[in-house]
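Colleague: Predicted structure and sequence below. I'll ask about it afterward.
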4 protein chains.
Amino acid sequence: MGDETETIAELKARALRFRDERSWRSFHNPKDLVLALVAEAGELCELVLWKDPAQLEAELREEPARSRFADEIADVQNLLLLLVDAVDLDLSDAFVKKLEANAAKYPVAKASGSARKYTELG
Amino acid sequence: MGDETETIAELKARALRFRDERSWRSFHNPKDLVLALVAEAGELCELVLWKDPAQLEAELREEPARSRFADEIADVQNLLLLLVDAVDLDLSDAFVKKLEANAAKYPVAKASGSARKYTELG
Amino acid sequence: MGDETETIAELKARALRFRDERSWRSFHNPKDLVLALVAEAGELCELVLWKDPAQLEAELREEPARSRFADEIADVQNLLLLLVDAVDLDLSDAFVKKLEANAAKYPVAKASGSARKYTELG
Amino acid sequence: MGDETETIAELKARALRFRDERSWRSFHNPKDLVLALVAEAGELCELVLWKDPAQLEAELREEPARSRFADEIADVQNLLLLLVDAVDLDLSDAFVKKLEANAAKYPVAKASGSARKYTELG
């Protein structure tokens, strides 16, 4: 276990086993999965708001904030895995393809050190 | 490449290489990464709304909807990987731990076939 | 009280009084208010997911779902009012201006009965 | 026009007129309206991210950032109005009721100057 050895397929298999043991597949259409993903993303928002950025970074390295943050990240990851299963996509392929497209939109020479959107790069 | 062989660490290494080639690390505090994740999740919402669920599922299996959906999922995945890096978490560990906690909240006997929240399971 | 007589300014005054009695103004920068708005929007998502659309509409007309939904809508409204105050905008003016811009993007002749995005109208 | 004179009912009437001129009512079930609201909230996120909070506040007082921000706020407001219409709620009543509930959760004496969630107030 752990990021060094766990493949996406293995992580996904865990998510699907959990789902199928509970016979939840029929609820998992793309629309509801997206809503669920946003609900979890909203919980991530709750964990970072009203806090000074530097103080927040420090807090997130200590318990209990660290585990609560990890839990919400895991929930979003779970929904992503359920979503790629529901629409039958390979997540790694999609990811690599998108990074390549982003590389074209954000060429190193122009984007370096800049937080501007690609539509606003000079 | 592909979900069967790609590890989380490999996927994360791709995300970090992209970030570091552009010197974006200093922008990537947890608060802004969560905002970016929600912005991407919002784009997922846009791709599923106003559509009949069955028609949507059919559409998402065909181009161009399929690739656009894959792109937005990839963007959310990218932000999750940047986020676990920013707060120094192991994503697989967090995921497995959370599934175990969820298993306790949603025991198979009670949750099977039900979409109720754990707080409402009888 | 009620939508027929309550002005936006009156609604906003209520939101600001609540905020100022608790000395919360200093927390209310645009970034955190947007995060708070998304957190509330995420709670709205939770109230509509996994449900058949027709069954959901029926449920939302009965208690307790009706009041819970109203509460989350009120929370989003509250954040919007705090947000326009933080950046010193007139909400009604912004609203009317945006509807006019939308009218140009979605001309009645082309948009009638269609859920397509303006970029995809023929 | 403007917040001082515009009632919620008047703002809502504008939103409904726009909708009905385009025969969009049939698309406006609660689930899709919530998805649309989140899509708009995601655009708000995009306008505030990667920016230093103080610099952002300054930017949002100048054009073009000011109008773009106003536009996204207007979009969220529009969805809220369509949503209360779809489920037949009085927005002002819901708002006042929720503020009263919040006042009980956040008593002035305990919440003053604190950004803690009500569940964490001592």
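Modeller: Yes, it's here. Please read all numbers here as calculations on a predicted model, not as lab measurements.

Colleague: out of everything not next to it in sequence, what's closest to residue A:8?
Modeller: Excluding its sequence neighbours, the residue lying closest to residue A:8 (C-beta to C-beta, 6 or more residues apart in numbering or on different chains) is residue B:3, at 4.0 Å. Yep, even glycine has a C-beta here, placed from its N, CA and C like the rest.

Colleague: Tell me if I am right that the one you found is in a strand.
Modeller: No. Under DSSP: H, G, I helix; E, B strand; the rest coil, residue B:3 sits outside any strand and is assigned coil.

Colleague: That one contacts residue A:15, correct?
Modeller: No. Using C-beta atoms under 8 Å, residue B:3 is not in contact with residue A:15; the gap is 12.0 Å.

Colleague: Tell me the buried residues in the longest helix seen in chain A?
Modeller: Once chain A is assigned using DSSP state H, the helix that runs over the most residues is helix A:65-86. Using 16 or more other C-beta atoms under 10 Å in any protein chain shown as the test for burial, helix A:65-86 gives A:65-66, A:69-86.

Colleague: Contacts only, for the spatially closest residue to residue A:85 that is not a sequence neighbour.
Modeller: In space, and not counting its chain neighbours, residue A:85 is closest to residue A:16: 6.0 Å by C-beta to C-beta, 6+ apart. Applying C-beta atoms under 8 Å, 6 or more residues apart in numbering or on different chains to residue A:16 gives the contacts A:81, A:82, A:85.

Colleague: Pipe the residues you listed into TSV and attach pLDDT per row.
Modeller: TSV is the format used below for the contacts of residue A:16 (pLDDT from 0 to 100):
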residue	pLDDT
A:81	98
A:82	98
A:85	98
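
Colleague: Looking at those residues, which is nearest chain D?
Modeller: Each of these was scored against chain D by C-beta to the nearest C-beta, and residue A:82 proved nearest at 17.2 Å.

Colleague: quick one: contacts for the closest one?
Modeller: A:15, A:16, A:19, A:28, A:33.

Colleague: go with 10 Å
Modeller: A:12, A:15-16, A:18-19, A:24-25, A:27-28, A:30, A:32-33, A:36-37 (C-beta atoms under 10 Å, 6 or more residues apart in numbering or on different chains).

Colleague: Quick check: residue A:87 vs residue B:75, distance?
Modeller: 15 Å (C-beta to C-beta, to the nearest Å).

Colleague: Tell me the helices and strands packed up against the helix or strand containing residue A:54.
Modeller: Taking DSSP states H and E as the criterion, residue A:54 maps to helix A:53-59. Counting contacts by 3 or more C-beta pairs under 10 Å, 6 or more residues apart in numbering or on different chains; DSSP states H and E, helix A:53-59 is packed against helix A:30-48, helix A:65-86, helix B:30-48.

Colleague: Looking at those, which is nearest to residue D:91?
Modeller: With C-beta to C-beta as the measure, helix A:30-48 is the member of the helices and strands packed on helix A:53-59 nearest residue D:91 (21.0 Å).

Colleague: how about that closest one, does it get close to chain B?
Modeller: Yes. Counting by C-beta under 10 Å from any C-beta of the partner chain, chain B is contacted by helix A:30-48 at A:30-35, A:37-38, A:40-42, A:44-48.

Colleague: and of those residues, the nearest to residue D:8?
Modeller: When the residues of helix A:30-48 next to chain B are compared against residue D:8 (criterion: C-beta to C-beta), the nearest one is residue A:42, at 25.1 Å.

Colleague: Return the residues in contact with the closest one.
Modeller: Contacts of residue A:42 by C-beta under 10 Å, 6+ apart are A:72, B:34, B:38, B:41, C:35-46, D:38, D:41.

Colleague: same thing but 6 Å
Modeller: Applying C-beta atoms under 6 Å, 6 or more residues apart in numbering or on different chains to residue A:42 gives the contacts C:38, C:39, C:42.

Colleague: Likewise for residue A:1?
Modeller: Residue A:1 neighbours (C-beta under 6 Å, 6+ apart): residue B:92.

Colleague: repeat that with 10 Å
Modeller: Per C-beta under 10 Å, 6+ apart, neighbours of residue A:1: A:10, B:90, B:92, B:93, B:95, B:96.

Colleague: Surely the last one touches residue A:13?
Modeller: It stands for residue B:96. No. With contacts counted by C-beta atoms under 10 Å, residue B:96 stays clear of residue A:13, the gap being 11.7 Å.

Colleague: Comparing these two, which residue is more hemmed in?
Modeller: residue B:96 (17 against 14; other C-beta atoms under 10 Å in any protein chain shown).

Colleague: Figure out the helix or strand that the more buried one lives in.
Modeller: Counting by DSSP H and E, residue B:96 is found in helix B:91-105.

Colleague: picking up where we left off before, what touches both of residue B:3 and residue A:15?
Modeller: A:81, A:84.

Colleague: dump the residue contacts of the closest residue to residue A:94 other than its chain neighbours.
Modeller: Distances taken as C-beta to C-beta, 6+ apart place residue B:70 nearest to residue A:94, at 3.9 Å, with adjacent residues excluded. Going by C-beta under 10 Å, 6+ apart, residue B:70 touches A:84, A:87, A:89, A:90, A:91, A:93, A:94, A:95, A:97, A:98, B:60.

Colleague: now residue A:55
Modeller: Counting by C-beta under 10 Å, 6+ apart, there are no residues that residue A:55 touches.

Colleague: of the contacts of residue B:70, buried ones?
Modeller: Buried among the contacts of residue B:70 by 16+ other C-beta under 10 Å: A:84, A:87, A:89, A:90, A:91, A:93, A:94, A:95, A:98, B:60.

Colleague: about what we covered before: how far off centre is the helix holding residue B:96?
Modeller: 15 Å (C-alpha atoms, centre = their mean, to the nearest Å).

Colleague: same thing with stretch A:41-56?
Modeller: The answer for stretch A:41-56 is 16 Å, by C-alpha atoms, centre = their mean.
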